[in-house]
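>>> sequence below, structure please.
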Amino acid sequence: MDYQGQELEIFDKAKIFQKYVFFKIKKYFKDGIFEVGAGLGSFSKEYINHYKNIHLSDLDTHNFNQLKMKFGSKNIKISKEKIQDAKQTYNTIVYLNVLEHIEKDEEELNIASSKLNSGGNLIIFVPAHQNLYSKFDKAVGHCKRYDINFFKEKKIKGLKIKKLIYLDMLGYFLYYFNKIFFREEEYPSKFKIIIWDKIFIPITIILDFLSFYKFGKNILCVYEKAEF
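Predicted coordinates:
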């Protein structure tokens, strides 16, 4: 598979945002992790030194090579495997900005459930609100943006919702106005990403908390596999 976009390099600059997302999900991580679509390892680097039995996978040749270069010296597995090809089961399966690229998303989640150990967590982070769908989403291969009801209504075999919230309230409005005033823009500039990350994310962290995570540009969902 050929690398198609530059968005991963651009968003790799969003250090504060990455730490914010990881702060919200880290308590659901357990040893035995499969990160699907790990990209350039922007989120992977937040946890790889704290857990054992880690498997990073990405189908894209460019991303795979970058993961090997960054983390090849560590005791982790790096592959191009899809979740259905995994030879073992895991305690934590992660889809961070990945599910929106998969057309048969419900089927993907059921497969992920079958690869999850009892008591394990399936962690999903996706873009929210289809009305925000833009040239950027199309350019990077997003099939859609999500409504929170998708996760409430989908009955994934063996899974129950443990956490379901919105994140990045300010990001919604920034993205919306960017879509209106920069209609032809496919990729945001690095300057925009740095401003969003360094100035607006610290503010949105407070606003997200004050609004009880009821509205935002992204959705975070954590499913737990029922224990038998």
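>>> so who does the nearest residue to His50 once chain neighbours are set aside touch?
Computed as Cβ to Cβ, 6 or more residues apart in numbering, the closest residue to His50 that is not its neighbour in sequence is Phe29, at 7.8 Å. (Each C-beta comes from the backbone N, C-alpha and C, glycine too.) When contacts are counted by Cβ atoms under 8 Å, 6 or more residues apart in numbering, Phe29 touches 47, 50-51, 92, 121, 123.
>>> swap the cut-off to 7 Å and go again
Applying Cβ atoms under 7 Å, 6 or more residues apart in numbering, we find Phe29 in contact with 47, 51, 92.
>>> so for the lengthiest helix in the chain, mean pLDDT?
When the chain is parsed with DSSP state H, its longest helix is helix 169-181. Mean pLDDT, computed over helix 169-181, is 92.
>>> skipping adjacent residues, who's closest to Phe125 in space?
Excluding the flanking residues, the one nearest Phe125 by Cβ to Cβ, 6+ apart is Leu96, at 4.6 Å.
>>> so the one you found touches Phe43, yeah?
Yes - taking contacts as Cβ atoms under 7 Å, Leu96 lies within contact range of Phe43: 5.0 Å.
>>> rewinding a little: list the buried ones in the longest helix of the chain?
Across helix 169-181, burial judged by 16 or more other Cβ atoms under 10 Å covers 169-172, 174-175, 178-179.
>>> what does stretch 84-91 give?
The neighbour-count check on stretch 84-91 (16+ other Cβ under 10 Å) flags 86, 90-91 as buried.
>>> before we move on, what about stretch 108-126?
By 16+ other Cβ under 10 Å, the buried positions in stretch 108-126 come out as 108-113, 115-117, 120-126.
>>> quick one: low-confidence parts of the protein?
1-7, 228 (pLDDT under 70).
>>> quick one on the thing from earlier: distance from the chain centre to the longest helix of the chain, please.
Here helix 169-181 is found 20 Å from its chain centre; the criterion is Cα atoms, centre = their mean, to the nearest Å.
>>> what's the first helix or strand after that helix?
helix 190-195 (DSSP states H and E).
>>> okay, helices next: where are they in the chain?
According to DSSP H, the helices that the chain contains are 7-11, 15-25, 61-71, 105-114, 135-139, 148-153, 169-181, 190-195, 201-210.
>>> run through who's touching the fifth one.
The list of residues contacting helix 135-139 from outside it, by Cβ under 7 Å, 6+ apart, reads 5, 145, 184-188.
>>> before we move on, the earlier item: angle of the longest helix of the chain against helix 201-210?
Orientation check (axes from the mean of the first three to the mean of the last three Cα atoms, to 10 degrees): helix 169-181 against helix 201-210 gives 120 degrees.
>>> what is helix 169-181 packed up against?
Packing contacts for helix 169-181, counted by 3 or more Cβ pairs under 7 Å, 6 or more residues apart in numbering; DSSP states H and E, involve helix 201-210.
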